[in-house]
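Student: I'd like to go over a predicted model; first the sequence, then the structure.
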Amino acid sequence: MSKNSNYVKIFDTTLRDGEQSPGASMSLSEKIQIAEVFDTMGIDIIEAGFPIASEGDFEAVSEVSKVVKNVQVCGLARAGQKDIDRAGAAVKNAVNPRIHTFIATSPIHMKFKLQMDEDQVLEAINTSVSRARNLVEDVQWSAEDATRTDREFLFKCVETAISSGASTINIPDTVGYTTPEEYYEIIDSLIKNIPSSDKVTFSTHCHNDLGLAVANSLSGVRAGARQIECTMNGIGERAGNAALEELVMSMKVRKDILNYDSNVDTKLFTRASKLVSSVTSFPVQFNKAIVGKNAFAHESGIHQDGMLKNNETYEIMTPESVGLSESTLVMGKHSGRHAFKEKAYELGYALADNQLNDAFYRFKDLADKKKEIFDDDIIAIIDDEFSSSIDQIKLVSLKIQAGTSGPQIADLVLNINNEEKSTICEGSGPVDAIFNSIRNLFPHKADLQLYQVHAVTQGTDAQAEVSVRLHEDGKTVVGRGADTDTLVASARAYIGALNRLIIKREKANPDFIET
Ligand code: KIV
Ligand code: ZN
């Protein structure tokens, strides 16, 4: 793609870099669900996983390749033969497959991580890109830690990747270290100094350690990059990646100075954001740009007054443009299944029949207990159902004895792999008694790192949403549970986290060492 074109490809790596966020893990069906939304949204390329990393990743790339209709599917590979072949096998059913291979090029990574010198790295670039090119037409090459790489060496690496057959050159700011001016200068110098730079697309991949990921990516585009790698809600390693919704809305809202085009339907942002948040159990911060709960909320009197007179006084984009619609369908005790399904769809969820039945049952139950049902109540219920539909451990019943006198006791029944098991345990407080009971029925050695409760809506009849974070053997998982009974929500959250841990354990490839 030439620098003259204003079209910027959107490469989404929510399912790969996003899934590498500590605590995030996605099942195959969850990945497929997200991929289908991205497909409809007009994303150009989805990086669906790192096929050598685990069976689960391989399967995800392979299945996503089969189900999506328009979007290109890409699998990540290090520079080794096994990685490349595995990625090639995973994308082989995609309509337009891509292999994305990378190697670190900065002095610190080459010396301490790879223990390779410059010549060895150049040789590895040549063999990996050539091998990938034998498997697929479209090969992307990345210089890991490019922004801390010696510039002359980076030129040589990029030249080698191009001459070996790469058609996209990605320049990651792996550690989120660069600034907009510096990143502009790096991309600009590559385009100006590499003779065949006009034959390839340059790509940005910016991490958010200094909060500059979006600014850096846009700066890279201004310098001539025509692919942006990003994730929904900005999830990803450490502080995350550049947020897809922020990048695309910046280009849309400030077209006067960022005159670039993408194919993305921004009206699907709210839906995609909620889906990713629910699948990963990562809450979206309230004041998050574009998709945060408060992004279009106006609290102060002066702002409200201005908004009533003219929306543009305090809004630079409309809520509708990002898919946030006014809550029109009032849900209550008498709402039927169809209305519930419609509401769920509006909130971003396409429910399968079994999920719909279970969620609808919970909704009815809630409507009996609570006068008004808000969107957030429905989101909380569906999130719970969504994450539990493929679970190995399910809550059957819970009875609690608590209060000022006597022991705090939990009487718990779980369904574990289709077998009901029950126990009664004491604890120092009802939550402790519940968690002890769960540990008793499903022994594990994960540490409880976080237990947090917040009210989904206002009022004493509000649902409580509980988050639980567990850590085991370097793996962190988060579970969320919602219920009008805080203790039931606590049990659900702990069980949710355990189910995610089980997925993570199953997905781990014992032979995979990250270098
Ligand atoms: O941050 C990074 O360098 C990466 C590469 C694998 C592209 O995620
Ligand atoms: Zn990354």
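Tutor: Structure's in. What do you need? Ligands and ions are numbered 1, 2, ... in the order given.
Student: need the strands for the stretch 301-450 of the chain, in chain order.
Tutor: Per DSSP state E, counting those that start in this stretch, the stretch 301-450 of the chain carries strands over the ranges 393-401, 408-416, 419-427, 447-455.
Student: Packed most tightly, which of these would that be?
Tutor: Per residue and on average, the most neighbours among those fall to strand 408-416, with a mean of 20 (mean count of other C-beta atoms under 10 Å). Using the backbone N, CA and C atoms, a C-beta is placed for each residue, glycine as well.
Student: Who does that strand pair with, and is each partner parallel or antiparallel?
Tutor: Strand 408-416 sits in its sheet next to strand 393-401 (antiparallel), strand 419-427 (antiparallel), going by DSSP bridges.
Student: which residues touch it?
Tutor: Around strand 408-416, the neighbours that count as contacts under C-beta atoms under 8 Å, 6 or more residues apart in numbering are 392-402, 420-430, 432-434, 436-438, 441-442, 491, 495.
Student: sorry, back to before: tell me which of the strands of the stretch 301-450 of the chain lies nearest to residue 188.
Tutor: Taking C-beta to C-beta as the criterion, residue 188 comes closest to strand 447-455 out of the strands of the stretch 301-450 of the chain, the separation being 43.6 Å.
Student: Not counting its own residues, what contacts the next helix or strand after the closest one?
Tutor: Next in sequence after strand 447-455, counting helices and strands by DSSP states H and E, comes strand 464-472. When contacts are defined by C-beta under 8 Å, 6+ apart, strand 464-472 is touched by residues 23, 281, 283, 380, 444-456, 476-486, 489-490, 492-494, 496-498, 501.
Student: Filter the residues you listed down to the buried ones.
Tutor: For the contacts of strand 464-472, a neighbour count by 16 or more other C-beta atoms under 10 Å gives the buried set as 23, 281, 283, 380, 446, 456, 476-484, 486, 489-490, 492-494, 496-498, 501.
Student: Among those, which are located in strands?
Tutor: Here DSSP state E is the test, and the buried ones among the contacts of strand 464-472 give 476-483 as lying in strands.
Student: beta partners of residue 483?
Tutor: Following DSSP bridges, residue 483 is listed with bridge partners residue 464.
Student: From residue 456, how far off is it?
Tutor: 10 Å (C-beta to C-beta, to the nearest Å).
Student: repeat for residue 58
Tutor: Taking C-beta to C-beta as the measure, residue 58 falls 37 Å from residue 456.
Student: What of residue 183?
Tutor: Note on residue 183: its distance to residue 456, by C-beta to C-beta, is 40 Å.
Student: So for ligand 1, which of the strands paired with strand 408-416 sits nearest?
Tutor: Between ligand 1 and the strands paired with strand 408-416, the shortest separation by C-beta to the nearest ligand atom is 32.4 Å, and it involves strand 393-401.
Student: Up against ligand 1, what does the protein have?
Tutor: Taking C-beta under 6 Å from any ligand atom, the part of the chain that reaches ligand 1 is made up of 17, 102, 142, 144, 170, 172, 174, 205, 207.
Student: okay, now the last one: neighbour count?
Tutor: To tie it back to what came earlier, the one meant is residue 207. Summarising burial for residue 207: neighbours were counted as other C-beta atoms under 10 Å, giving 25.
Student: Count the neighbours of the closest residue to it other than its chain neighbours for me.
Tutor: Counting by C-beta to C-beta, 6 or more residues apart in numbering, residue 176 is the residue found nearest to residue 207 once chain neighbours are left out, at 3.6 Å. Number of residues near residue 176 (other C-beta under 10 Å) recorded here: 23.
Student: tell me the contacts of residue 314?
Tutor: By C-beta under 8 Å, 6+ apart, the contact list for residue 314 reads 298, 303, 306-307.
Student: same thing with residue 345?
Tutor: When contacts are counted by C-beta under 8 Å, 6+ apart, residue 345 touches residue 351.
Student: just checking, what's the longest helix in the chain?
Tutor: With DSSP state H applied, the helix covering the greatest number of residues in the chain is identified as helix 486-507.
Student: by contact count, what packs against it?
Tutor: If you count contacts as 3 or more C-beta pairs under 8 Å, 6 or more residues apart in numbering; DSSP states H and E, helix 486-507 packs onto helix 55-67, helix 375-388, strand 393-401, helix 430-441, strand 447-455, strand 464-472, strand 475-483.
Student: Now do the third one: distance to the chain's middle.
Tutor: When you say that, I think you mean strand 393-401. 30 Å (C-alpha atoms, centre = their mean, to the nearest Å).
Student: Other residues contacting that strand?
Tutor: If you take C-beta under 8 Å, 6+ apart as the criterion, strand 393-401 is touched by 388, 407-417, 420, 430, 433-434, 442, 487-488, 491-492, 495, 498-499, 502.
Student: before we move on, back to that, so the residue nearest to residue 207 is in contact with residue 214, correct?
Tutor: No. Between residue 176 and residue 214 there is no contact under C-beta atoms under 8 Å: 11.5 Å.
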